[in-house]
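Novice: Build the 3D model from these lines:
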Amino acid sequence: MNTIKEFFLPLIFLLQHPKLAKVSRRFLIVEGIYMNQGTLCDIDRMIELKRKHKLRLFIDETVSFGTVGEHGRGITELKGVSMRDIDLIMGSLETSIGSIGGFCVGTTYVVEHQTLAGLGTIPTFGNNKKFFTPRLVLSFPGYCFSASLPPMLAAGALTAVELMEKDPSMFTDLQEKCRAAQEEFSRLPGLKLHGDPMSVVKHLRLERSGGDREADKKALNQVVLKVSRIKNSEVCALSWQSCPFFQSRERGVALVVASYLEDAEVHLPPPSIRLTVSNLLECEEIRFNFITLLVYEISKMTLST
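Specialist: Residues are numbered from 1 along each chain as shown. A predicted model of the protein is given here:
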């Protein structure tokens with residue numbers, strides 16, 4: 001994430017030009033967990049800025065929904081934030097839910113504005129009439145029927161939410177695996193782990209960048225290719241004689257270098273190997289990938305000497 005000053009340059013401009021600010025819509029849009037960094041949003045600070053500068057606060061919970069919070073409800077539940085302080089929450093159903101499409105929930109005022117703007121299907125919930133109203137808003141039927149979720153995937157998404165509500169222990173298990181991954185991958189020589197221990201998204205970056213983006217990407221790609229093809233004998237040769245490990249792809253685990261729309265990104269993140277943690281991963285598999293990366297780094301150091 002960029003410095004606060006860089007992040008708020010457009011806002012600073014509006015504050016310096018109050019006449020323009022009066023006719024401008026001002027929004028503060030943040031991610032619950034930043035996909036490109038793996039860091040958690042400082043939501044309390046964002047609410048403070050929202051109140052100070054009279055902004056509308058929108059939170060993208062694509063990564064945080066279904067991964068953090070006692071019941072998986074995202075950064076707002078994790079930090080104990082009142083929904084009165086949030087104008088709109090949005091997220092994708094393609095991550096934790098395993099479906100397609102997305103959702104938006106917000107205050108009655110914002111939802112009704114979206115209805116007038118014809119942005120499609122907006123689900124809202126709650127009992128407070130001033131804030132979250134129990135209704136399903138449909139606008140412009142032509143758009144809704146041409147871009148709505150197929151019934152099968154809608155039913156799948158609903159079932160996933162019901163499972164989350166019935167078994168909140170899955171989030172405790174997931175957090176244990178996130179912390180295990182943080183502990184293991186933080187110890188790799190030559191690579192530096194970025195991301196919060198609670199985040200399901202983490203990034204491995206070169207500890208010392210050569211200053212050339214293409215060269216850094218090539219180096220990380222070599223790490224990924226080596227790890228995906230490393231043999232059991234190479235692992236055991238480094239004293240793990242009894243380890244029951246095989247090639248990572250054979251075990252259904254893949255490491256990939258993060259891809260970006262490099263020409264479109266305003267602040268292009270450094271090259272990295274993006275790691276994602278899920279409940280389908282066992283701690284043994286997390287340990288396996290750490291060992292295979294470690295094997296590669298040790299063998300590389302051996303060759304260089």
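
Novice: can you give me the strands for the stretch 51-200 of the chain?
Specialist: Along the stretch 51-200 of the chain, counting by DSSP state E, counting those that start in this stretch, strands occupy 56-60, 88-92, 102-106, 122-124, 135-137, 191-194.

Novice: strands paired with the third one, and their directions?
Specialist: Here strand 102-106 is paired, per DSSP bridges, with strand 88-92 (antiparallel).

Novice: Could I get the CA-only coordinates of the strand it pairs with as PDB?
Specialist: Provided in PDB are the C-alpha atoms of strand 88-92 (Å, rounded to 0.1, in the frame of the first residue of the first chain):
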ATOM      1  CA  LEU A  88     -21.100   0.100   1.000                       C
ATOM      2  CA  ILE A  89     -19.600  -3.400   1.200                       C
ATOM      3  CA  MET A  90     -18.800  -5.300  -2.000                       C
ATOM      4  CA  GLY A  91     -17.100  -8.500  -2.700                       C
ATOM      5  CA  SER A  92     -16.700 -11.400  -5.200                       C
END
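
Novice: Run through who's touching that strand.
Specialist: Contact with strand 88-92 is made by 56-62, 65, 74, 76, 101-107, 110, as judged by Cβ atoms under 8 Å, 6 or more residues apart in numbering. All C-beta atoms are positioned from the backbone trio N, CA, C, and that covers glycine.

Novice: Apply 6 Å and report the result again.
Specialist: Under the contact criterion Cβ atoms under 6 Å, 6 or more residues apart in numbering, strand 88-92 has outside partners 58-62, 65, 102-106, 110.

Novice: between that strand and strand 56-60, how many degrees?
Specialist: Between strand 88-92 and strand 56-60, the angle formed by their directions is 20 degrees, by axes from the mean of the first three to the mean of the last three Cα atoms, to 10 degrees.

Novice: which outside residues touch stretch 269-286?
Specialist: Counting contacts by Cβ under 6 Å, 6+ apart, the residues outside stretch 269-286 that touch it are 36, 170, 173-174, 177-178, 180-181, 184, 200-205, 216-217, 220, 253, 255, 257-258.

Novice: Now, of these, which are buried?
Specialist: Burial by neighbour count, 16 or more other Cβ atoms under 10 Å: within the contacts of stretch 269-286 this picks out 36, 174, 177-178, 180-181, 184, 200-205, 216-217, 220, 253, 255, 257-258.

Novice: ok so, going back, export the strands of the stretch 51-200 of the chain to CSV and tack on mean pLDDT, mean neighbour count and distance to R45?
Specialist: Output for those, formatted as CSV (pLDDT from 0 to 100; neighbours: other Cβ atoms under 10 Å; distance: least, Cβ to Cβ, whole Å):
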stretch, mean pLDDT, mean neighbour count, distance to R45
strand 56-60, 93, 21, 11
strand 88-92, 92, 20, 18
strand 102-106, 86, 19, 21
strand 122-124, 43, 18, 26
strand 135-137, 42, 13, 31
strand 191-194, 91, 19, 20
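
Novice: how about a markdown table for these, with distance to A264 added?
Specialist: What follows is the strands of the stretch 51-200 of the chain, written out as a markdown table (distance: least, Cβ to Cβ, whole Å):
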| stretch | distance to A264 |
| --- | --- |
| strand 56-60 | 17 |
| strand 88-92 | 19 |
| strand 102-106 | 20 |
| strand 122-124 | 27 |
| strand 135-137 | 31 |
| strand 191-194 | 22 |
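
Novice: nearest to I29, of those?
Specialist: strand 56-60 (4.6 Å; Cβ to Cβ).

Novice: what sits up against that closest one?
Specialist: Strand 56-60 is contacted by residues 27-32, 50, 86-90 when judged by Cβ under 6 Å, 6+ apart.

Novice: do that again at 8 Å, thanks
Specialist: Counting by Cβ under 8 Å, 6+ apart, residues outside strand 56-60 touching it are 25-32, 41, 43, 46-47, 50, 74-76, 85-91, 110.
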